[in-house]
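[1] Below is the sequence, then the predicted model.
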Amino acid sequence: MGKAIDKTTCMRQLSSRPAGFSCWWGALLLGALLVGAACGELRPRPESFDPLAYTPIEYRDLLDPRRAGLQEGQKIRVKAYFWQYLDYDPAMVRNYLTLPRYPIRWYQLNWFATYGTDDLTGYYDLAAITPEQAETYKLHRLDPVMLFGELSSLKPGLYFQVFHIDKIVED
């Protein structure tokens, strides 16, 4: 009768590659993606602030910018009610699936949510500012604000990168 053959021995003998070959390629690919992602930058803030350079829009247009005819790169201003800074990334799946193609440093953004009215209608959570801006503006819940910024790519949609915030004093 024949000798029992160890299955792992057979597989090693059939493969022409070294055992750790595919692991090294996977690690190399992952490292390249991480290095590529670290090279990305956020869209630069304008050097000077001119409020007239921003197109006023209605809050409902911010909720569905494509339907309203808004486009990537468009500078807009909108009145909103600040709600809170988010503990989660509202576009995590889209952010990280598009990271190799659009390597933006998402960890540098402070995402925040707004409402269209003070009675909490029209929730929007794709607005972002830098940590330095968050420290400067010190927003509180339900502060009425005018947000100035640019619509930026977030395939398959857009997010609102805020460059300037004016608090609105209501009578």
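    Done, it's in. Numbering: from 1, shown residues only.

[2] what about W111, which SS state?
    strand (DSSP: H, G, I helix; E, B strand; the rest coil).

[3] residues in contact with the nearest residue to it once chain neighbours are set aside?
    Spatially, and ignoring its direct neighbours in sequence, W111 is nearest to L86 (4.4 Å; C-beta to C-beta, 6 or more residues apart in numbering). Every residue, glycine included, has its C-beta placed from N, CA and C. Listed by C-beta atoms under 8 Å, 6 or more residues apart in numbering, the contact set of L86 reads 111-113, 125.

[4] Who are the contact partners of F112?
    82-86, 125, 127-129, 134, 139.

[5] If it is in a bridge, with which residues?
    Y85, A127 (DSSP bridges).

[6] what pLDDT does it get?
    Note for F112: predicted pLDDT of 93.

[7] How much space separates it from D125?
    8 Å (C-beta to C-beta, to the nearest Å).

[8] Same check on L86?
    Distance of L86 to D125, given as C-beta to C-beta: 6 Å.

[9] which residues do these two both contact?
    Contacts common to L86 and D125, judged by C-beta under 8 Å, 6+ apart, are 111-113.

[10] now those in a markdown table, with distance to V169?
    Shown next, in a markdown table, are the shared contacts of L86 and D125 (distance: C-beta to C-beta, whole Å):
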| residue | distance to V169 |
| --- | --- |
| W111 | 26 |
| F112 | 20 |
| A113 | 22 |
